[in-house]
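>>> give me coordinates for this.
(chains A, B and C)
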Amino acid sequence: MVDEAALLVTLDLAGIFVFAISGGLVAVRKNLDVFGVIVLAGATGLGGGFLRDVLIGATPPAALLDVRYLMVPVVAGVATFVFHPTLGRMERVVNVFDAAGLGLFCVTGALKALEYGLPPAPAALMGMVTGIGGGILRDLLAGRVPVVFSSELYATPALAGGAWAVFAQQQGLPVGLVTLPGVALCFGWRVLAIFRNWKAPIPRGPASV
Amino acid sequence: MVDEAALLVTLDLAGIFVFAISGGLVAVRKNLDVFGVIVLAGATGLGGGFLRDVLIGATPPAALLDVRYLMVPVVAGVATFVFHPTLGRMERVVNVFDAAGLGLFCVTGALKALEYGLPPAPAALMGMVTGIGGGILRDLLAGRVPVVFSSELYATPALAGGAWAVFAQQQGLPVGLVTLPGVALCFGWRVLAIFRNWKAPIPRGPASV
Amino acid sequence: MVDEAALLVTLDLAGIFVFAISGGLVAVRKNLDVFGVIVLAGATGLGGGFLRDVLIGATPPAALLDVRYLMVPVVAGVATFVFHPTLGRMERVVNVFDAAGLGLFCVTGALKALEYGLPPAPAALMGMVTGIGGGILRDLLAGRVPVVFSSELYATPALAGGAWAVFAQQQGLPVGLVTLPGVALCFGWRVLAIFRNWKAPIPRGPASV
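The predicted structure is shown next:
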């Protein structure tokens, strides 16, 4: 049990770190100052989990009770501020890390929602919200339309990963089979979408206004 | 009692449906893909109620405990994706439905806030927040200034409808007299504002910077 | 004890008033109607406290249980609507009042977070969130990138003021020494940043994409 909890916290912190870097890079490109970079890194890394925790009634969010959750985005923000020329050249690598963060968050988010008594379908949805919430907040704060809404597959892999975790947990599978295939499903789908440039269908015909 | 509850749920679901269609239409006009249309439909339909529930401490929101609340915006989103050329030509009809959704939400939102112990004035305000919250979220996510802030009467009818519901409930009137005149007041005012192009006063003189 | 509580409420209401005026001025410059001005004044004045209360689990927020908290932004909004030419010419004065609001909110926000059981570092952070949340919400609703992210020192003084309040409270200092130096630290730093045009460091080199 302790092992499971420690595993989930470690996965969570890793997801926060990679999301925070993606937020820091957006801030650097907007020419924000060092504090703006840290705040945007923090909002991106923690936003999805905060949104989930507020919606499921798990307040204060774990991230406000455990200082490690606050230190991780600060470190990521400062690292991005200092090393951004290198990080910026590694856009593809950052996108792969971002896909890994998405995979981690959709699974941990869905499991936490189940724990707080949500039924299966809303719990899977909360997994998706945990995964995409930070990026949506990052884009709103940076003054751009959230990229999750542009025609690139992002939300759907997160929903699929969360759905797997919920299904497997409901079947009583061991924690490894609950988490790993869910993370792999979301991560693999997302990485393939990035590299093969997959798109979801867009509306047919003119938008009629 | 069961009848009242069933009535409120039905009204709520109807309001979510029409709001979700308005969100879906905005998404189609932004050329989002099918998942973006569903997500924006869901955010528009459920956003106001989520905001109210989070503020009054009613978490998890009812919509996360009852799968019907999630199915309605999915159906509305898919319907908008498929039938948008027809729906887009019926802009006026959609606006009238949107006014109906506003009327329903301001009343159900105010009553729920009362039930959670809010005093009369804040409860009426929560009715307004329930009514306008989804549209504000829709516009933020779509990258435009919320239309509720442009000079078209939108928030005020919602506040008036919520205020009626609170007042009537405090007087112990039967449920029909609590809900119907409130919905009619908000709906009628809003529809007249649309068709007569009513505006609220704007600031006099230059904005001075 | 009663005195302390009354003092904190008075400081809170004063902070809400000045923030609401800054929100009202942004609304006037966007040419919003009278209701838009009041709504934006209210969102700016109350947004930071709402965000803090939702995150720390203090729902419903105090502002929804005490009608004075709702009256203050309405009065500020109407005053801004009527007197905006005068207020707009006093931009510097308004900025100084805004700095005062920031100083008040970062201290009261941090103390409330402590009271709800948050550890020191997250409590100081909640002070900052209380101070900057309303302005961020104002800018999002008005369709501009939050000014707190532009390279002007805003969030850091708020974090410093909150950190002082937390530290002093933990040391058991009397309420005057908990609040006044914290408010003065944030207010003084912010005012100096305005008048001396201080900037925080921005990223070196090109943004690399």
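
>>> can you give the distance of the helix or strand where A:V107 lies from its chain's centre?
Element membership for A:V107 (DSSP states H and E) is helix A:91-115. Mean C-alpha position of helix A:91-115 versus that of the full chain (CA atoms, centre = their mean, to the nearest Å) differs by 5 Å.

>>> what angle sits between the helix or strand just after that helix and helix C:120-141?
Moving toward the C-terminus from helix A:91-115, the next helix or strand (DSSP H and E) is helix A:120-141. Using axes from the mean of the first three to the mean of the last three CA atoms, to 10 degrees, the inter-axis angle of helix A:120-141 relative to helix C:120-141 is 70 degrees.

>>> what does chain A put close to chain C?
Contact residues (CB under 8 Å from any CB of the partner chain) of chain A with chain C: A:27-37, A:39-40, A:50, A:54, A:59-61, A:63-65, A:67, A:70, A:81, A:84-85, A:88-89, A:91, A:140-143. No exception for glycine: its C-beta is placed from N, CA and C like everyone else's.

>>> and for stretch A:94-101, what's in contact with it?
A:14-19, A:21-22, A:25, A:87, A:131, A:135, A:183, A:186-187, A:190-191, A:194 (CB atoms under 8 Å, 6 or more residues apart in numbering or on different chains).

>>> what is the rounded mean pLDDT of that stretch?
Across stretch A:94-101, the average pLDDT comes to 85.

>>> in CSV, please show the C-alpha coordinates belonging to that stretch.
Presented in CSV, the C-alpha positions along stretch A:94-101 are these (Å, rounded to 0.1, in the frame of the first residue of the first chain):
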residue,chain,number,x,y,z
VAL,A,94,9.8,18.3,-24.9
ASN,A,95,6.7,17.1,-26.8
VAL,A,96,7.5,13.5,-26.0
PHE,A,97,8.0,14.4,-22.3
ASP,A,98,4.7,16.3,-22.4
ALA,A,99,3.0,13.2,-23.8
ALA,A,100,4.5,11.2,-20.9
GLY,A,101,3.1,13.8,-18.4
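
>>> in that stretch, what counts as buried?
Neighbour counts over stretch A:94-101 (16 or more other CB atoms under 10 Å in any protein chain shown) mark A:V94, A:V96, A:F97, A:D98, A:A99, A:A100, A:G101 as buried.

>>> quick one: the longest helix along chain A to helix A:91-115, angle?
Counting residues, the longest helix found in chain A (DSSP state H) is helix A:2-29. Per the same axes, to 10 degrees, the angle that helix A:2-29 makes with helix A:91-115 is 140 degrees.

>>> just how off-centre is helix A:2-29 within its chain?
The answer for helix A:2-29 is 8 Å, by CA atoms, centre = their mean.

>>> low-scoring stretches of chain A, by residue?
A:1-3, A:150-152, A:205-209 (pLDDT under 70).

>>> centroid residue for it?
A:G131 (3.2 Å; CA atoms, centre = their mean).

>>> OK, contacts around that one?
Neighbouring residues of A:G131 by CB under 8 Å, 6+ apart: A:G48, A:G101, A:L102, A:G103, A:F105, A:C106, A:G109, A:A155, A:A158, A:G161, A:G162, A:C186.

>>> how does it look with 10 Å?
A:15, A:19, A:48-49, A:52, A:101-110, A:148, A:154-155, A:157-159, A:161-162, A:186, A:190 (CB atoms under 10 Å, 6 or more residues apart in numbering or on different chains).

>>> give me the buried entries from these.
By 16+ other CB under 10 Å, the contacts of A:G131 give A:15, A:19, A:48-49, A:52, A:101-110, A:148, A:154-155, A:157-159, A:161-162, A:186, A:190 as buried.

>>> and the residues of chain A next to chain C near chain B, which?
Restricting those to those near chain B by CB under 10 Å from any CB of the partner chain leaves A:V54, A:T59, A:L140, A:G143.

>>> in strands, which of those residues fall?
Using DSSP state E, no member of these sits in strands.

>>> restrict the residues you listed to the buried ones and give me that as a PyMOL selection.
A single PyMOL command selects the buried members of these (16+ other CB under 10 Å):
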select buried, chain A and resi 54+59+140
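
>>> the ones next to chain B among the residues of chain A next to chain C: which two are farthest apart?
Greatest spatial distance in those: A:T59 and A:G143, 28.3 Å, computed using CB to CB.

>>> quick check, nearest of the buried residues of stretch A:94-101 to chain C?
Checking the buried residues of stretch A:94-101 against chain C by CB to the nearest CB gives A:V94 as the nearest, at 10.3 Å.

>>> measure that closest one to A:F83 for me?
Separation of A:V94 from A:F83 (CB to CB, to the nearest Å): 11 Å.

>>> now do the contacts for the nearest residue to A:G133 once chain neighbours are set aside.
In space, and not counting its chain neighbours, A:G133 is closest to A:G48: 3.3 Å by CB to CB, 6 or more residues apart in numbering or on different chains. By CB under 10 Å, 6+ apart, the contact set of A:G48 is A:15-16, A:19, A:101-102, A:105-106, A:109, A:126-138, A:158.

>>> likewise for A:Q169?
Shown in contact with A:Q169 (CB under 10 Å, 6+ apart): A:V107, A:A110, A:L111, A:L114, A:E115, A:P120, A:A123, A:V175, A:L177, A:V178, A:T179, A:G182.

>>> which PyMOL command selects the buried ones in these?
This is the PyMOL syntax for the buried subset of those, where burial follows 16+ other CB under 10 Å:
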select buried, chain A and resi 107+110+111+114+120+123+178+179+182
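
>>> as a markdown table, the contacts of A:Q169 with distance to chain B would be great.
As requested, those are arranged in a markdown table below (distance: CB to the nearest CB, whole Å):
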| residue | distance to chain B |
| --- | --- |
| A:V107 | 18 |
| A:A110 | 12 |
| A:L111 | 15 |
| A:L114 | 12 |
| A:E115 | 12 |
| A:P120 | 9 |
| A:A123 | 9 |
| A:V175 | 24 |
| A:L177 | 25 |
| A:V178 | 21 |
| A:T179 | 22 |
| A:G182 | 19 |
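
>>> closest to chain C out of the contacts of A:Q169?
Chain C has its nearest neighbour among the contacts of A:Q169 in A:E115, at 16.8 Å by CB to the nearest CB.

>>> now do the phi/psi pair for A:A200.
A:A200 adopts backbone torsions of phi -90, psi 160, taken as degrees, to the nearest 10.

>>> neighbours around it, how many?
Residues near A:A200, counting by other CB atoms under 10 Å in any protein chain shown, number 17.

>>> how much space between it and A:A163?
In terms of CB to CB, A:A200 sits 17 Å off from A:A163.

>>> and if you look at A:G15?
Distance of A:G15 to A:A163, given as CB to CB: 18 Å.
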